[in-house]
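1. The following block contains a protein sequence and its predicted model.
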Amino acid sequence: MMNISAKMVKELRDKTGAGMMDCKKVLQESKGDVNEAIEMLRKKGLASANKKSQRVAAEGIIECYIHTGAKIGVMLELNCETDFVARRTEFQTLARDIAMQIAASPNVEYISVAKIPENIVDAEKRIETGREDLTNKPSAVKDKIVAGRIEKRLKELSLLDQPFIKQSEITIEDLIKKNIALIGENIQVRRFEKFIVGGGIEKKSNNFADEVAEILQNK
């Protein structure tokens with residue numbers, strides 16, 4: 001099987017909007033012929049997903065998912081273009097899969113890297129720049145390491161960058177694009193909220209030794 005570089009995959013993805021794994025697959029099948037790969041993606045309906053993603057999506061559903069044990073819950077708004085598509089089984093299955101993904105991803109807080117507030121990005125940069133293992137590194141090397149760590153950290157916070165729990169070779173972004181191609185409408189994650197039992201409540205931590213000492217003093 002021909003070795004396909006990440007650069008070739010990215011270039012094809014930029015041209016077609018298709019998912020990374022789809023691009024890699026057709027490049028392998030076409031032996032690196034980009035034009036043939038584009039044609040193969042078009043036949044599968046995957047090359048049009050990027051264009052559809054620019055259209056207004058104001059319909060959709062709100063999906064609620066409660067994880068086993070009722071300790072974690074997710075509420076998600078997933079949008080499409082028409083109410084007809086919102087009622088389709090494929091769309092509702094996608095909404096549930098994404099809600100389950102959010103519940104299974106403890107670090108995810110934002111829809112995409114682009115949605116992460118600048119103050120959060122700046123805070124992560126300060127943390128990574130100040131790490132002890134970088135103290136004696138040359139500036140150019142240090143900057144490169146920090147940039148790589150920041151990119152990794154921001155992707156950990158981003159829903160669209162998560163490997164799909166049911167098919168780890170694709171991301172949630174790839175999954176959504178596959179469904180755009182399948183359904184024929186734009187699909188967008190509008191917003192989500194995760195609920196964890198006890199979240200945000202400061203729990204009292206009892207120190208047994210202190211309790212014993214207090215009891216003895218009060219005798």
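-> Structure received. Numbering: from 1, shown residues only.
2. Counting neighbours, show which residues of stretch 62-69 come out buried.
-> 63, 65 (16 or more other Cβ atoms under 10 Å). Bear in mind the C-beta positions are built from the backbone N, C-alpha and C, glycine included.
3. no, scratch that, I was asking about stretch 109-119
-> 109-112, 116.
4. mind checking pLDDT for the closest residue to I196 other than its chain neighbours?
-> In space, I196 comes closest to I72 once its chain neighbours are excluded; the distance is 5.5 Å by Cβ to Cβ, 6 or more residues apart in numbering. pLDDT, I72: 93.
5. Give me the phi and psi angles of I72.
-> Main-chain torsions, I72, degrees, to the nearest 10: phi -130, psi 130.
6. just K125 next, same as before
-> Given degrees, to the nearest 10, the pair of backbone angles that K125 has is phi -60, psi -40.
7. Please name the residues that touch it.
-> Going by Cβ atoms under 8 Å, 6 or more residues apart in numbering, K125 touches 146, 150.
8. quick one on the thing from earlier: between the buried residues of stretch 109-119, which sits nearest E36?
-> For these, the residue nearest E36 by Cβ to Cβ is S112; the value is 31.2 Å.
9. which SS class is the closest residue to the closest one other than its chain neighbours?
-> Closest residue in space to S112, ignoring its immediate chain neighbours: L160 at 4.7 Å, by Cβ to Cβ, 6+ apart. Here L160 is recorded as coil under DSSP: H, G, I helix; E, B strand; the rest coil.
10. which residue ranges form the helices in this protein?
-> For the chain, the helices defined by DSSP state H occupy 6-16, 20-29, 34-44, 49-52, 83-86, 89-104, 118-129, 139-157, 172-183, 208-217.
11. Dump these into a markdown table; add distance to F195 and mean pLDDT as well.
-> Shown next, in a markdown table, are those (distance: least, Cβ to Cβ, whole Å; pLDDT from 0 to 100):
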| stretch | distance to F195 | mean pLDDT |
| --- | --- | --- |
| helix 6-16 | 35 | 83 |
| helix 20-29 | 32 | 86 |
| helix 34-44 | 38 | 82 |
| helix 49-52 | 32 | 62 |
| helix 83-86 | 24 | 92 |
| helix 89-104 | 10 | 96 |
| helix 118-129 | 21 | 88 |
| helix 139-157 | 18 | 88 |
| helix 172-183 | 20 | 88 |
| helix 208-217 | 32 | 59 |
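12. Farthest pair within the buried residues of stretch 109-119?
-> Longest span within the buried residues of stretch 109-119, Cβ to Cβ: E109 and S112, 11.2 Å.
13. Could you chop this protein up by domain?
-> 6-47, 56-196 (automatic domain parsing).
14. Check what pLDDT the residue nearest to S112 gets.
-> Model confidence at L160 (pLDDT) stands at 96.
15. How many neighbouring residues does it have?
-> Using other Cβ atoms under 10 Å, L160 has 20 neighbouring residues.
16. OK, contacts around it?
-> Contacts of L160 (Cβ under 8 Å, 6+ apart): 111-113, 171-173, 176, 189.
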